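Student: Provided below are the primary sequence and the corresponding predicted coordinates.
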Amino acid sequence: MTTPEKLYEGKAKIVYKTDDPEILLTFYKDDATAFNAQKRGTIVGKGQINCTISRHLFQLLESQGIPTHLIDTPSPNEMRVRRVTIVPIEVIVRNIAAGSLCKQTGVPLGTLIKPALVEYCYKNDALGDPLLTRDRLFLLNLATPEQLEEIRTLSLQINQVLSEFFNQCGITLVDFKLEFGITSDQQLVLADEISPDTCRLWDQSQTDPNQRVMDKDRFRQDLGNVESAYQRVLERVLSGIQAQS
Ligand code: TMP
Ligand code: ASP
């Protein structure tokens with residue numbers, strides 16, 4: 001076997017070429033960053049946990065008719081995916097107010113948001129992933145109006161499926177970030193990952209605002225027990241998937 005050629009290394013994953021130009025191999029790292037990489041650390045076992053959670057959530061979404069880039073997972077921290085051109089928009093869906101929404105608008109933490117809020121940020125680390133208006137998004141040619149409509153519709157469908165699933169796992173899906181890509185045959189598909197790195201997940205069996213956090217906020221806010229929280233999310237997801245089959 002020859003060493004695969006590295007195409008790109010991001011903060012949480014490395015992307016390799018494969019023999020098939022339409023297929024890429026993503027390696028999920030244990031590295032963790034926050035606040036646009038100003039805070040760095042390691043979450044031991046995160047790569048395997050996030051890859052496995054993402055695989056199951058992508059498969060669940062596929063079963064509900066949502067196209068994703070997932071092909072398969074040859075090992076616990078490797079995912080083979082369809083090669084796509086990433087749309088440089090980070091889509092954030094919010095069911096409960098937290099994070100930057102509270103900071104930027106003063107809406108109190110924990111406020112129920114119904115219908116869910118869909119926000120778009122410019123995927124651009126140099127600019128700090130700023131929040132976009134619809135007009136700015138079109139000014140920058142990040143997507144066509146048709147693509148944006150499709151992205152919004154898919155994001156709300158994904159929210160429906162994932163909120164229901166996590167609820168069955170005893171977890172509240174507070175908010176999450178999605179990325180979409182376009183395949184060589186121009187299909188819009190869900191890409192990147194869905195994991196405790198990219199979602200806010202609150203344990204429904206805990207009422208204490210710090211105890212309930214099962215996601216990367218434990219790392220961002222130095223709440224401790226990061227590894228065990230990620231592990232508990234994995235266990236709940238695996239049980240939830242098993243209960244469905
Ligand atoms: P925010 O409240 O900080 O804007 O985050 C909203 C959601 O998006 C939260 O679930 C964490 C996720 N997120 C990412 O996946 N990547 C990022 O770079 C940021 C800022 C947030
Ligand atoms: N992933 C982002 C970063 O490093 C931010 C975050 O998830 O908080 O920097």
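Tutor: Received, thanks. Ligands and ions are numbered 1, 2, ... in the order given.
Student: rest of the way, CA atoms for contacts and neighbours
Tutor: Fine.
Student: name the residues of the longest helix that the chain contains that come out as buried.
Tutor: Identified as the longest helix of the chain according to DSSP state H is helix 145-168. Neighbour-count burial for helix 145-168 flags 148, 151-152, 154-159, 161-163, 165-166, 168 (criterion: 16 or more other C-alpha atoms under 10 Å).
Student: same question, stretch 116-127
Tutor: Under the neighbour-count criterion of 16+ other C-alpha under 10 Å, stretch 116-127 has V118, E119, Y120, C121, Y122, K123 buried.
Student: who touches the first one in this structure?
Tutor: What that stands for is V118. V91, I92, V93, R94, R152, S155, L156 (C-alpha atoms under 8 Å, 6 or more residues apart in numbering).
Student: check these and tell me the two furthest apart.
Tutor: Based on C-alpha to C-alpha, the longest span within the contacts of V118 runs between R94 and R152 and measures 12.7 Å.
Student: re the thing from before, any chance of the buried residues of stretch 116-127 in JSON lines with pLDDT as columns?
Tutor: Shown next, in JSON lines, are the buried residues of stretch 116-127 (pLDDT from 0 to 100):
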{"residue": "V118", "pLDDT": "98"}
{"residue": "E119", "pLDDT": "98"}
{"residue": "Y120", "pLDDT": "98"}
{"residue": "C121", "pLDDT": "98"}
{"residue": "Y122", "pLDDT": "98"}
{"residue": "K123", "pLDDT": "98"}
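Student: quick check, nearest of the residues you listed to ligand 2?
Tutor: Set against ligand 2, the nearest of the buried residues of stretch 116-127 by C-alpha to the nearest ligand atom is K123 (10.5 Å).
Student: other residues contacting stretch 182-193?
Tutor: 22, 50-51, 54, 66-70, 82-87, 147, 178-181.
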